[in-house]
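Trainee: take this sequence and fold it.
(one chain, ligands or ions: 1)
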Amino acid sequence: MLIRKPTDILPSEITPESLYRQRRRFLQGGLALGATLLAGGLLAPAARAARALEAVKNAAFSAQEDLTPYQDVTSYNNFYEFGTRKDDPAKHAHTLRTEPWSLTIEGEVAKPGTYTLEDILKPHALEERIYRLRCVEGWSMVIPWVGFPLADLLQRFEPTSRARYVEFVTLRDPEQMPGLRWPVLDWPYVEGLRMDEALHPLTLLAVGLYGKALPNQNGAPIRLVVPWKYGFKSIKSIVTIRFREDQPTSSWMAAAPREYGFYSNVNPEVDHPRWSQRRERRIGEIRKRDTLMFNGYGEQVAQLYQGMDLRKHF
Ligand code: MTE
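Mentor: Residues are numbered from 1 along each chain as shown. Predicted structure coming up:
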């Protein structure tokens with residue numbers, strides 16, 4: 001990962017959680033227009049992102065922590081298809097066309113095919129879940145995502161018994177994505193999960209945040225969120241989901257195999273070869289805090305890695 005010093009966020013830019021909660025109640029009280037709106041007419045990205053989504057809060061899967069303000073979540077991003085500076089995605093991702101959008105399901109699966117986003121979303125009730133996101137670069141955020149469990153989607157396509165891994169691929173379109181001009185990665189952006197990780201109830205497919213459709217810079221119209229792994233596993237703007245027998249090679253593994261492994265679980269005990277992973281800076285805070293094993297989700301996910309040497313399988 002290219003490393004730049006995070007710019008400091010002014011305390012005055014922070015939206016208090018209470019204000020967000022008030023807004024949520026307001027939306028739930030009548031303005032929420034429903035997930036079907038995601039499939040609505042052709043709207044400019046800003047209008048699309050502003051659309052409210054109806055989602056039931058999943059308290060059992062939500063961190064009890066102050067939220068990172070919407071402004072920061074949507075302006076301090078990694079989405080290298082739009083440039084490598086933190087403010088590039090917010091500046092440039094308006095060129096991404098998210099409607100119409102379709103997803104191709106392929107590989108070891110009984111029901112492969114290309115499905116419209118509307119067909120993908122139709123059967124799924126949306127939930128709001130507050131997750132910590134810890135970037136491998138050493139910063140973190142707390143984000144109220146709107147989405148549904150990836151497992152519910154994967155099971156609809158009936159993976160075969162040979163499906164041991166799932167590979168995800170981002171759109172690759174140089175016309176819409178100016179960052180593809182630079183060979184920072186071998187495009188398209190690719191990520192992967194082991195099947196049991198993909199089916200874990202914490203693994204979320206997100207279509208929104210803060211009660212609204214995803215802004216393009218955050219991976220519209222659909223992205224992965226895997227909260228116990230470094231942020232780069234949470235691949236954005238997905239166009240292909242491929243069920244595989246063998247382990248996929250992610251873009252970051254291909255770019256720097258000594259630095260990025262397949263698992264990339266948040267682990268303060270295993271340093272990145274060029275920096276420590278012991279501490280992190282929560283966006284909006286000045287003092288660093290300790291990074292927690294599995295980003296604090298150990299109780300839910302540690303059993304997935306029982307018996308594995310996590311220094312070897314980093
Ligand atoms: N997905 C794609 N397609 N391209 C990217 O550059 N960056 C990753 C991940 N998903 C990235 C991506 C990294 S490094 C992080 S930390 C998260 O997205 C950031 O997500 P956010 O901008 O919504 O906070």
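
Trainee: wait, is residue 115 part of a strand?
Mentor: Yes. Judged by DSSP: H, G, I helix; E, B strand; the rest coil, residue 115 forms part of a strand.

Trainee: run a quick neighbour tally on the closest residue to residue 278 other than its chain neighbours.
Mentor: Once flanking residues are discounted, residue 278 sits nearest to residue 268: 4.7 Å by C-beta to C-beta, 6 or more residues apart in numbering. Bear in mind the C-beta positions are built from the backbone N, C-alpha and C, glycine included. Residue 268 is flanked by 17 other residues according to other C-beta atoms under 10 Å.

Trainee: my guess is residue 268 contacts residue 294. True?
Mentor: No. Contact criterion C-beta atoms under 8 Å: residue 268 and residue 294 do not qualify, at 9.9 Å.

Trainee: distance of the residue nearest to residue 278 from residue 68?
Mentor: Distance, residue 268 to residue 68, by C-beta to C-beta, to the nearest Å: 20 Å.

Trainee: who in the protein is up against the ligand?
Mentor: Neighbours of the ligand within the chain, by C-beta under 6 Å from any ligand atom: 1, 77-81, 133, 135, 170, 189, 218-219, 231-232, 234-237.

Trainee: in strands, which of those residues fall?
Mentor: By the criterion of DSSP state E, membership of those in strands covers 133, 170.

Trainee: mind checking which of the residues of the chain next to the ligand are buried?
Mentor: 1, 77-81, 133, 135, 170, 189, 218-219, 231-232, 234-237 (16 or more other C-beta atoms under 10 Å).

Trainee: how far out from the middle of the chain is stretch 266-284?
Mentor: Distance of stretch 266-284 from the chain centroid (C-alpha atoms, centre = their mean, to the nearest Å) equals 19 Å.

Trainee: show me where the stretch 101-250 of the chain has helices.
Mentor: 117-121, 150-156, 195-198 (DSSP state H, counting those that start in this stretch).

Trainee: the residue nearest to residue 180 when sequence neighbours are not counted and the ligand, how far apart?
Mentor: Beyond its immediate neighbours in the sequence, the residue positioned closest to residue 180 (C-beta to C-beta, 6+ apart) is residue 174, lying 4.5 Å away. The gap separating residue 174 from the ligand is 14 Å, by C-beta to the nearest ligand atom, to the nearest Å.

Trainee: surely residue 174 touches residue 183?
Mentor: No. With contact defined as C-beta under 8 Å, residue 174 does not reach residue 183; the gap is 11.9 Å.

Trainee: and for residue 259, the neighbour number?
Mentor: 14.

Trainee: what does the one 3 residues further on give?
Mentor: Look at residue 262: counted by other C-beta under 10 Å, it has 19 neighbours.

Trainee: still on that earlier bit, can you say which of the helices of the stretch 101-250 of the chain is nearest to residue 59?
Mentor: When these are compared by C-beta to C-beta, helix 150-156 sits nearest residue 59, at 18.9 Å.

Trainee: ok now the closest one, how far from the chain's centre?
Mentor: Taking mean C-alpha positions (C-alpha atoms, centre = their mean), helix 150-156 and its chain are 17 Å apart.

Trainee: what sits up against that helix?
Mentor: Outside helix 150-156, the residues that touch it by C-beta atoms under 8 Å, 6 or more residues apart in numbering are 111, 120, 123-124, 166, 198-201, 203-205, 224, 241, 243.
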